[in-house]
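[1] Here is my input, please return the structure:
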Amino acid sequence: MFMKLITLITVVASLAFGQSVVVQHNVNLRADPSTDNPPLALLTPPASLALLENTKQAGYYHVKTPIGQQGWVWGKNVTMRNAPTPVSPFIGPAEIYPDQTRTPGFANPDVTQENLADTICNRNFRTGPPLRPPTSFTNPLKASQMVEYGDSVSDPNKTCMLRSDNVGCYEEDHLISLENGGHPRDPRNLWPEPYFTTIDGKVVGARQKDLVEGYIRNAVCFNIAGYRSNGTKAHAPLTLKRGQEILTGDWYACFTNIKGGRNCQ
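    Predicted structure coming up:
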C-alpha cells in the first residue's frame, strides 16, 4: 500500500512538471498566492513557465521561471500550453470585462424591487455625494486594483495601450452602477475599467458601458409611476435583479442590442 502511494505521488508530480503555462499579459511573480507582499518579478509575454502544481490556489498558478525562480502568477494572465481555448459565454473580448473572481459585482441591500419608487426610480435620486464615495477612497483602491489586474505596462506617452499603467486610462467603475442599486463602497463592486479598449477598431469601454447603465435603469423603472426616462430609452421592463445580472454578466451584448434598436432581456 505504501509503495502504491509513492507511485501515485510520483505520477502526479510528473504530470505537473510536464506541463507549462505561457504568459499572455504582463503578470507579477509572487512569493505566495496573494497580493499581500511585493512582487518578486514582472514577467512579460511570451515567457514560458514550468507548472509546479496542477491546480490553482486562490486563482494563482505555482510556477518556475526559465532561470529557476519559483513563485505564483495570476491565472487569468497566463494560458496552459497546448490547452484548448476556453469558450467564453460572453460575446466580447476578455479585456472589456472585469475578472469575475476579483470583481463579481455587489448590490446595495438598501435598494430592492419593492422600494424602487423611493430609491433609484425616484425623481430626486442622485448618484453623487454622499452616495458616491470620494476620490480619497476610490483613487487608492484603483491603484491597488490596477496592480492586481496586471495593469502595469509602462505608458510614458499616455497612449492607453492594453494593460497600461496610466491611472488616467481607467475609470474606477461600479460594476453594478449606483443608479441600478450597486453597492457604493464594496471593492467587489469596483474595478479599474479601461476607457479605450476596442472591438473591430471601435472604442468600447467605460463610456459605452455608461449607455447600458442608463438603459437598464430606464427598463428597471419602466412601470414606476412618475419616473422620467433619461438617456437611452427602454421599450420593455426589467426586474432589478435581471438588470443587475446584465451588468455583472455580458453588458456588451446589451450594448450591441441597444445600438441595433433591440431591447435587452
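[2] Quick check: L29 touching L40?
    Yes: the pair L29 / L40 is scored as a contact, 4.6 Å apart, by C-beta atoms under 8 Å. C-betas here are computed from N, CA, C, even on glycine.
[3] list residues touching both of these two?
    With contacts taken as C-beta atoms under 8 Å, 6 or more residues apart in numbering, L29 and L40 have Q69, G71 as neighbours in common.
[4] ok, these two, which is more surrounded?
    L29 (21 against 15; other C-beta atoms under 10 Å).
[5] per-residue confidence for the more buried one?
    pLDDT recorded at L29 is 94.
[6] outside of the helix or strand hosting it, which residues touch it?
    Using DSSP states H and E, L29 falls within strand 27-29. Residues outside strand 27-29 that contact it (C-beta under 8 Å, 6+ apart): 39-43, 63, 65, 69, 71-74, 77-78, 147, 150, 152.
[7] and it, which strands flank it?
    Applying DSSP bridges to the sheet, strand 27-29 is found paired with strand 41-43 (antiparallel).
[8] Could you list the residues in contact with stretch 134-154?
    By C-beta under 8 Å, 6+ apart, stretch 134-154 touches 25-28, 35, 42, 74, 76-77, 99, 102, 161-165, 167, 170, 172, 185, 187, 190-192.
[9] can you check stretch 81-101 too?
    For stretch 81-101, contacts defined as C-beta under 8 Å, 6+ apart pick out 19-22, 48, 59, 76, 149, 162, 175, 191, 193-194, 197, 199, 204-205, 248-253, 256.
[10] Quick check: buried residues in that stretch?
    For stretch 81-101, the neighbour count (16 or more other C-beta atoms under 10 Å) marks G92, I96, Y97, P98, D99 as buried.
[11] Out of these, flag the one nearest to A234.
    G92 (21.1 Å; C-beta to C-beta).
[12] pretty sure that closest one belongs to a helix, no?
    No: judged by DSSP: H, G, I helix; E, B strand; the rest coil, G92 forms no part of a helix; its state is coil.
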